[in-house]
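[1] Here is my input; please provide its structure:
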Amino acid sequence: MIDRGYYEEFGGAYLPEILISTFEELIEKFQEAKKDPGFWGAYLDIMSTYSCRPTPITFAENLTSHFGGARIYIKREDLNHTGAHKANNVMGQGLLVKRMGKTRVIAETGAGQHGMATATMAARMGFKCTIYMGEVDVQRQRPNVFWMERLGAEVVPVTDGTRILKDAINEAFRDWVTNMDTTHYVLGTACGPHPFPEMVSYFQSIIGKEAREQILATEGKLPDRVYACVGGGSNAMGIFQGFMDDKTELVGVEAGGRGLDTGQHASRLSSEDASVGVAQGYKTYFLQDSDGQMNETHSVAAGLDYVGVSPILAHLKETGRVRFEAATDTEVVDALSLTIKKEGLIPALESAHAFVQAFKEAPAMAKEDIVLINQSGRGDKDIFTVADAFDDPTWQAFIREKAEEYNA
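    Next up, the predicted model:
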């Protein structure tokens, strides 16, 4: 499927000449690492001793009873270190940075989970670290910014453009161009120029490999459907890879925002608003106008608020291997509330998109059917965003009191 980083018509590496040698080095080191059994062994060791893998699957007994259809299981990436699937990728890239002999890492982040994971990896492995984050996301993800800075990272608010994830990616690339001899860009999702889509998917495949073994050991058969939210695509690619060669239906759920008919969403593969183009070094579906200018996006979940999507997922859409749906902000908040009350689990707003579609479809499935939802992250550390989404009056009163204390 891969031909110089292409997945049929999607992918590639559209690079300025100054970055070509850096990418050639990265490709060479990554391919060497893949062929070295000791590298994957070292990766599994750090993920088990430092990042608490394998993460379990949980049978959602109460939700299963509530909907009365398929048996619902949840893959618990929220229990991974730093609270999301993001650590899987950054720890792997950190080992590559050591192989390349570089001393500094940079990253982009939207919801803050990738930034947290990168800052944690840098602290653990002794790298200098800079995180680029859209100014809008800095405001709505302030707790994550606090912890990144405590971990020793410099967090740079990006004020260009719409001041969200795509703008943070652009700024990180600018940094890399001027510091490539000492710096590695830890791209956080399965997007961007080759080899990033392949590389990020490779490290995230640990999710699907674990989940496949776990569900077989528990139920004696594979799930009928697997659901994952889709921003850039890293958590979806992670779990989907465990079932790609099986009959299991794979369902990716994008950010429907305020509705697909409003234009205020971030749905690239489940709407008619995206078209194929080239941006940020690769070819895929982008939310863009007829002149190729990127449109503004919207999602209650900062981690899904991205204008493009993994070229691998774009290819899987075209081949029909993955079905894509969209969940609105309102549906996401409702699904999050129900999951909290029924199971005592707090999915991240991103992850809750996958729960929405599973909740829509599970009731119509047979009781012997199995669905598996990837809970890609936890929502408790995103409390400001979640509390705003719930429009909680007691929380708002608490914030006002705190503001008055700081202003006194």
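[2] Check the spacing between Y6 and P193 real quick.
    Taking Cβ to Cβ, to the nearest Å as the measure, Y6 falls 11 Å from P193. C-beta coordinates here come from the backbone N, C-alpha and C atoms, glycine included.
[3] ditto for N80
    Distance from N80 to P193, by Cβ to Cβ: 27 Å.
[4] quick one: which of those two has more around it?
    Set N80 next to P193 and count neighbours by other Cβ atoms under 10 Å: N80 wins out with 25 against 22.
[5] Pretty sure that one sits against S48.
    No - assessed by Cβ atoms under 8 Å, N80 is found out of contact with S48, at 11.3 Å.
[6] Give the residue spans of the stretch 101-250 of the chain that score low on pLDDT.
    By pLDDT under 70, the weakly predicted segments of the stretch 101-250 of the chain are 111.
[7] the strands in it, which residues?
    104-109, 128-134, 154-158, 183-185, 225-229, 249-257 (DSSP state E, counting those that start in this stretch).
[8] out of these, which comes closest to G69?
    Closest to G69 of the strands of the stretch 101-250 of the chain is strand 225-229 (Cβ to Cβ; 11.2 Å).
[9] Which elements pack onto the closest one?
    helix 234-240, strand 249-257, helix 349-361, strand 370-375 (3 or more Cβ pairs under 8 Å, 6 or more residues apart in numbering; DSSP states H and E).
[10] Can you give me every residue that contacts V300?
    A255, G257, D329, V332, V333, L349, T385, A389 (Cβ atoms under 8 Å, 6 or more residues apart in numbering).
[11] TSV for these, including neighbour count and pLDDT?
    Formatted as TSV, those follow (neighbours: other Cβ atoms under 10 Å; pLDDT from 0 to 100):
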residue	neighbour count	pLDDT
A255	31	98
G257	26	97
D329	21	96
V332	29	97
V333	18	96
L349	26	94
T385	23	79
A389	20	84
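[12] in the stretch 151-300 of the chain, which spans are helices?
    Ranges of helices in the stretch 151-300 of the chain, per DSSP state H, counting those that start in this stretch, are 165-179, 196-219, 234-240.
[13] Just the CA coordinates for the longest one, please, in CSV.
    Taking Å, rounded to 0.1, in the frame of the first residue of the first chain, the C-alpha atoms of helix 196-219 are listed here in CSV:
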residue,chain,number,x,y,z
PHE,A,196,4.9,10.6,9.8
PRO,A,197,1.6,8.9,8.8
GLU,A,198,3.3,5.5,8.7
MET,A,199,5.5,6.2,11.7
VAL,A,200,2.7,7.4,14.0
SER,A,201,0.4,4.6,13.0
TYR,A,202,3.2,2.1,13.6
PHE,A,203,3.6,3.2,17.3
GLN,A,204,-0.1,3.5,17.8
SER,A,205,-0.7,0.0,16.5
ILE,A,206,0.0,-1.2,20.0
ILE,A,207,-3.7,-0.3,20.8
GLY,A,208,-5.2,-2.6,18.2
LYS,A,209,-2.7,-5.4,18.9
GLU,A,210,-3.6,-5.4,22.6
ALA,A,211,-7.4,-5.0,22.0
ARG,A,212,-7.5,-7.9,19.5
GLU,A,213,-5.9,-10.3,22.0
GLN,A,214,-8.0,-9.0,24.9
ILE,A,215,-11.4,-9.3,23.2
LEU,A,216,-10.5,-12.8,21.9
ALA,A,217,-9.5,-13.9,25.4
THR,A,218,-12.7,-12.5,26.9
GLU,A,219,-15.3,-13.3,24.3
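[14] Please name the residues that touch the nearest residue to M237 once chain neighbours are set aside.
    Of all residues not flanking M237 in the chain, S201 sits nearest, at 4.3 Å (Cβ to Cβ, 6 or more residues apart in numbering). Each residue near S201 by Cβ under 8 Å, 6+ apart is listed here: A190, S234, M237, G238, Q241, S310, I312.
[15] again, only this time at 10 Å
    Contact partners of S201, counting by Cβ atoms under 10 Å, 6 or more residues apart in numbering, are 89, 189-190, 195, 208, 233-234, 236-238, 240-241, 310, 312-313.
[16] Check K166 too.
    K166 neighbours (Cβ under 10 Å, 6+ apart): 108, 110, 134, 158, 160, 279-280, 286-287, 294, 296-297, 305-308.
[17] Tell me how this structure divides into domains.
    2-48+85-196, 52-83+206-390 (automatic domain parsing).
[18] Tell me which of those sits nearest to N407.
    domain 2-48+85-196 (16.8 Å).
[19] And the strand or helix carrying E28, what does it pack against?
    Using DSSP states H and E, E28 sits within helix 17-35. With contacts defined as 3 or more Cβ pairs under 10 Å, 6 or more residues apart in numbering; DSSP states H and E, helix 17-35 has these neighbours: helix 37-49, helix 86-100, helix 165-179, strand 183-185, helix 196-219.
[20] right, so of the helices of the stretch 151-300 of the chain, which gets closest to Q264?
    Ranking the helices of the stretch 151-300 of the chain by their distance to Q264 (criterion: Cβ to Cβ) puts helix 165-179 first, at 15.7 Å.
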